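In: Return atomic coordinates for the entry below.
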Amino acid sequence: MAKRSVLESLERLINLLNMSNLSGKNIFVTGATGLVGAHLVKRLLELKPNKIVCLCRSKDPSSLFYSEKMDEKVVSSYGDLKDKERIFDLISKHEINHIFHVAAQPIVPTAFVNPYETLDTNIMGTVNVLEAARMCPNIQSIVIASSDKAYGKDCVLAEETHPLAGDHPYDVSKSCTDLISQTYAKTYGLPVAISRFGNIYGPGDLNFNRIIPGIMKAVAEHSVLKIRSNGQFKRDYVYVKDVVDGYICLAENIAKIKGEAFNFSSGQNYSVLELVEKITKIIGAEVKFAIVDNQKNEIPEQSLNFAKAEKMLGWKSKYSFADGVKETYEWYKSYFV
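Out: Purely as a prediction, here's the structure:
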């Protein structure tokens with residue numbers, strides 16, 4: 001009996017040591033119905049928070065958030081990121097402790113056509129979240145999603161000290177989001193941490209004008225993939241589950257990294273044509289493509305140095321490109337049935 005008691009006490013101690021500081025807390029997630037947001041909510045549910053409040057702009061039954069019935073396990077609140085009063089009401093009413101702000105207008109071509117909507121959503125939406133957090137005393141961490149686009153065109157193995165120098169609407173919206181978040185950390189002492197990721201891919205991405213969802217759709221429908229660029233531009237590609245791990249790392253380590261920004265990358269950097277070749281080999285399928293080359297304001301090459309995240313957070317990409325693509329392909333096969 002005494003031996004069992006000791007073992008049970010040891011088990012409780014191990015569970016306590018392994019417990020995330022997000023467990024038992026009230027968490028607010030913007031962009032919950034998007035690619036990253038849905039995977040983030042799924043992972044957060046495993047950490048057993050007190051509750052997760054999700055800001056949803058609309059209901060898309062085909063999105064991962066709804067198809068996996070996450071909406072039934074969280075507080076789904078409909079509203080617009082640009083509605084300052086709505087954001088404040090949700091954060092204050094639910095006594096939020098941790099914020100993951102991953103909502104944005106994320107499509108570069110859309111930003112070119114409609115810059116006002118992109119700048120308003122991405123910049124003022126972030127200000128609204130930070131302002132609400134500033135007025136609420138229970139906030140323990142705020143994780144802000146920036147991007148490698150915040151660095152602008154000069155972005156080859158960029159480090160976090162690299163200037164934020166976006167030139168065009170989407171890039172500028174991310175540069176501003178990043179700088180504003182740093183301002184609230186430095187001026188008001190908010191527990192902010194900023195993530196800068198490369199191109200994120202994974203199951204559940206329904207933005208088919210992105211290259212990897214576009215490839216999956218072309219394979220499923222036996223259609224021609226239209227490549228908007230000249231096919232030579234290079235990007236970092238990072239799997240969505242690695243991204244989610246990065247966000248959670250930031251929240252769990254906020255005490256020692258407040259006000260800091262971190263690059264997250266897999267180190268897997270490919271041109272569009274290399275990407276098409278690699279994916280078709282991995283999934284054992286062919287895809288026909290046509291180079292349209294009508295994309296404006298493309299950045300020739302982007303890659304990130306993520307040594308800081310490795311050193312300070314112990315974060316490292318767990319998924320090889322092949323493993324990430326295989327999981328992604330399996331999801332799209334089911335989606336297109």
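In: isn't S147 right next to R196, touching?
Out: Yes: applying C-beta atoms under 8 Å as the test, S147 and R196 come out as touching, 6.0 Å apart. C-beta here means a position set from N, CA and C on the backbone, and glycine is covered the same way.
In: So if I had to pick from these two, which one is more boxed in?
Out: Ranked by neighbour count (other C-beta atoms under 10 Å), S147 and R196 place R196 first, with 28 against 24.
In: Quick one: residues contacting the more buried one.
Out: Taking C-beta atoms under 8 Å, 6 or more residues apart in numbering, we find R196 in contact with 146-148, 150-151, 160, 178, 261-264, 304.
In: now with 10 Å?
Out: For R196, the contacting residues are 144-151, 155, 158, 160, 162, 164, 174, 178, 246, 261-265, 304, 306, 309, by C-beta atoms under 10 Å, 6 or more residues apart in numbering.
In: before we move on, what about D242?
Out: Counted by C-beta under 10 Å, 6+ apart, D242 has contacts 197, 200, 202, 264-266, 315-319, 324.
In: same deal with Y188?
Out: Contacts of Y188 (C-beta under 10 Å, 6+ apart): 130-131, 133-134.
In: Filter these down to the buried ones, PyMOL style.
Out: To isolate the buried members of the contacts of Y188 in PyMOL, using 16 or more other C-beta atoms under 10 Å:
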select buried, resi 130+131+133
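In: Out of the contacts of Y188, which is nearest to L45?
Out: Using C-beta to C-beta, A133 comes nearest to L45 of these, at 22.4 Å.
In: before we move on, the earlier item: and the contacts of D242, which is closest to N253?
Out: Taking C-beta to C-beta as the measure, W315 is the one of the contacts of D242 closest to N253, at 9.4 Å.
In: Next, that closest one: secondary structure please.
Out: Under DSSP: H, G, I helix; E, B strand; the rest coil, the three-state class of W315 is coil.
In: ok, it touching F262?
Out: Yes: the pair formed by W315 and F262 meets the contact definition of C-beta atoms under 10 Å, at 7.9 Å.
In: Give me the more crowded residue out of those two.
Out: F262 (24 against 20).
In: can you list contacts of the helix or strand containing E274?
Out: Element membership of E274, judged by DSSP states H and E, is helix 272-283. Outside of helix 272-283, the residues within contact range by C-beta under 10 Å, 6+ apart are 199, 201, 211-212, 214-216, 218-219, 225, 227-235, 237, 268, 270-271, 285-287, 289, 291, 320-326, 328-330, 332-333.
In: Identify those among those that sit within strands.
Out: Counting by DSSP state E, the contacts of helix 272-283 place 199, 201, 225, 227, 234-235, 237, 270-271, 289, 291 in strands.
In: From these, list just the buried residues.
Out: For the ones in strands among the contacts of helix 272-283, buried by 16+ other C-beta under 10 Å: 199, 201, 225, 227, 234-235, 237, 270-271, 289.
In: Spit out the contact partners of L190.
Out: 99, 130, 133-134, 139, 141-142, 181, 183-184, 258-259.
In: Buried subset of the contacts of D242 as a ChimeraX selection?
Out: A single ChimeraX command selects the buried members of the contacts of D242 (16+ other C-beta under 10 Å):
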select :197,200,202,264,265,266,315,317,319,324
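In: quick one: which of the contacts of D242 is nearest P300?
Out: Using C-beta to C-beta, these come closest to P300 at S265, 17.3 Å.
In: What sits closest to that closest one if chain neighbours are left out?
Out: Leaving aside its sequence neighbours, S265 sits nearest to L304 (C-beta to C-beta, 6 or more residues apart in numbering; 4.0 Å).
In: burial count for the one you found?
Out: L304 is flanked by 27 other residues according to other C-beta under 10 Å.
In: That one against S146, yeah?
Out: No: using C-beta under 10 Å, L304 is not in contact with S146; the gap is 11.4 Å.
In: how many other residues sit next to E310?
Out: Using other C-beta under 10 Å, E310 has 14 other residues around it.
In: which residue ranges form the strands in the stretch 1-150 of the chain?
Out: Secondary structure of the stretch 1-150 of the chain by DSSP state E, counting those that start in this stretch: the strands cover 26-30, 51-56, 75-78, 98-101, 141-145.
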